[in-house]
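> next comes the sequence, and after it the predicted model I'd like to discuss.
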Amino acid sequence: MSMPKSVVKIRNGNVTYTSSVDRVQYTLRELTRAALKDTGRFICNVFRKSYYQTFHKKTGKAGKGCQYWVRSRECDLQVGIGKKGIGFYSGMQEVGSSKSPRYALLRNAVNDNTDKIKEIQSKYLSALEDEGRAAALIDEKEKIGDDE
């Protein structure tokens with residue numbers, strides 16, 4: 001979806017008013033999605049590092065089972081362990097079971113790095129002051145996870 005053009009034009013004598021509300025809403029939505037995308041990428045990397053520090057890399061592909069989804073309609077971020085056929089055991093290690101302890105590596109990756117997450121989010125959302133800088137941060141060609 002490209003940048004929408006301003007639609008509303010009001011002419012009153014010599015004064016012409018052009019509304020750019022659609023452009024502002026589009027820019028806000030896309031900057032929010034870009035911030036969520038980078039946050040998801042960061043959380044997955046922190047999870048993988050902590051997973052392979054806790055478990056040997058030979059134990060499987062469970063670290064690769066962490067992925068993130070930035071949903072377009074809801075404009076939110078979901079991070080989880082759920083690639084098909086890969087993330088079952090890492091999901092069990094995350095929540096624990098009757099035979100294995102709870103490691104909570106994904107939960108700790110988020111809770112221990114809230115300051116870094118806020119820094120990533122503020123990098124994008126403070127870019128609203130300069131529309132040119134904001135347009136450079138938006139990449140419309142990239143698709144993430146299971147976008148609707």
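Alright, I've got the coordinates.

> next SSE after the longest helix along the chain?
For the chain, the helix reaching the highest residue count under DSSP state H is reported as helix 21-54. Next helix or strand after helix 21-54 toward the C-terminus (DSSP states H and E): strand 66-71.

> poorly predicted segments of the protein, please.
Low-confidence segments of the chain (pLDDT under 70): 1-19, 21, 57-62, 87, 127-135, 140-148.

> if we go to 90?
By pLDDT under 90, the low-scoring segments of the chain are 1-31, 48, 51-67, 72-75, 80-100, 115, 118-148.

> OK, contacts around residue 56?
By CB atoms under 8 Å, 6 or more residues apart in numbering, no residues touch residue 56. Where you see a C-beta, it was placed from the backbone N, CA and C, and this is true even at glycine.

> so how far is residue 91 from it?
Residue 56 sits 18 Å away from residue 91, taking CB to CB, to the nearest Å as the criterion.

> and residue 29, by the same measure?
Using CB to CB, residue 29 is found at 31 Å from residue 91.

> can I get the one helix or strand residue 115 maps to in CSV, CA atoms only?
Per DSSP H and E: residue 115 is located in helix 114-125. What follows is helix 114-125, C-alpha atoms only, in CSV (Å, rounded to 0.1, in the frame of the first residue of the first chain):
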residue,chain,number,x,y,z
THR,A,114,12.4,-3.7,28.6
ASP,A,115,14.8,-0.7,28.4
LYS,A,116,16.2,-1.8,25.1
ILE,A,117,12.7,-2.4,23.8
LYS,A,118,11.6,1.1,24.8
GLU,A,119,14.7,2.4,23.0
ILE,A,120,13.9,0.6,19.8
GLN,A,121,10.2,1.8,19.9
SER,A,122,11.2,5.4,20.7
LYS,A,123,13.7,5.5,17.7
TYR,A,124,10.8,5.0,15.3
LEU,A,125,8.1,7.0,17.0
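
> sweet, I'm off.
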